[in-house]
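Peer 1: model the structure of this input:
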Amino acid sequence: MPYSASATTQHPRKMPRAAMAWSNATAICGLVEKQHGYGPRKAHDDNDYTYRHLKGYNRDPARSVPALQYLLPRHHATVSDDGMVAIAGRHYYDALLSFWHGRPIDVRVSRHDRSSVYVYLDGAILCQAQEAGEATGNDFPHL
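Peer 2: Okay, here's the model as predicted:
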């Protein structure tokens, strides 16, 4: 009987290795948490909360080394009339964006800090926009 995959699932042999490894790691973390009440993901979240006051702990490396911003995933967007940028259901704002409404831009989102994004216009950095409010809709995919 031939395999028929739906639009949202892929056959394991057709799934990229990185995606399959991430899927397996997520499943294992969930299983350990269910069986023992703790696991790697919970330990990571607890450490983030405990050490949040320390300068540099879990800090975005792109803030320390700006050249790393070019390695972040790039999303194409357009500045809205009110100077906001919408990426994956989140809205970001910077006062400088209000001067560029309607222009196509590139946005780079960090894996470490999704509350701010780096905004590029014609390949040069324009600003670092901050999240304007709560996320609505889908969150960022795991990168």
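Peer 1: so where do the helices sit in this protein?
Peer 2: Along the chain, counting by DSSP state H, helices occupy 17-36, 40-50, 61-64.
Peer 1: can you pull the contacts of the spatially closest residue to residue 91 that is not a sequence neighbour?
Peer 2: Spatial nearest neighbour of residue 91, chain neighbours left out: residue 132 (4.4 Å); criterion: C-beta to C-beta, 6 or more residues apart in numbering. (Each C-beta comes from the backbone N, C-alpha and C, glycine too.) Residue 132 is in contact with 84, 91, 92, 93, counting by C-beta atoms under 8 Å, 6 or more residues apart in numbering.
Peer 1: could you rerun that using 10 Å?
Peer 2: 82, 83, 84, 85, 86, 90, 91, 92, 93, 94 (C-beta atoms under 10 Å, 6 or more residues apart in numbering).
Peer 1: out of the helices of the chain, deepest packed?
Peer 2: Highest mean neighbour count of the helices of the chain: helix 61-64, a mean of 14 (counted as mean count of other C-beta atoms under 10 Å).
Peer 1: who does it touch, helix- and strand-wise?
Peer 2: Counting contacts by 3 or more C-beta pairs under 10 Å, 6 or more residues apart in numbering; DSSP states H and E, helix 61-64 packs against strand 116-121.
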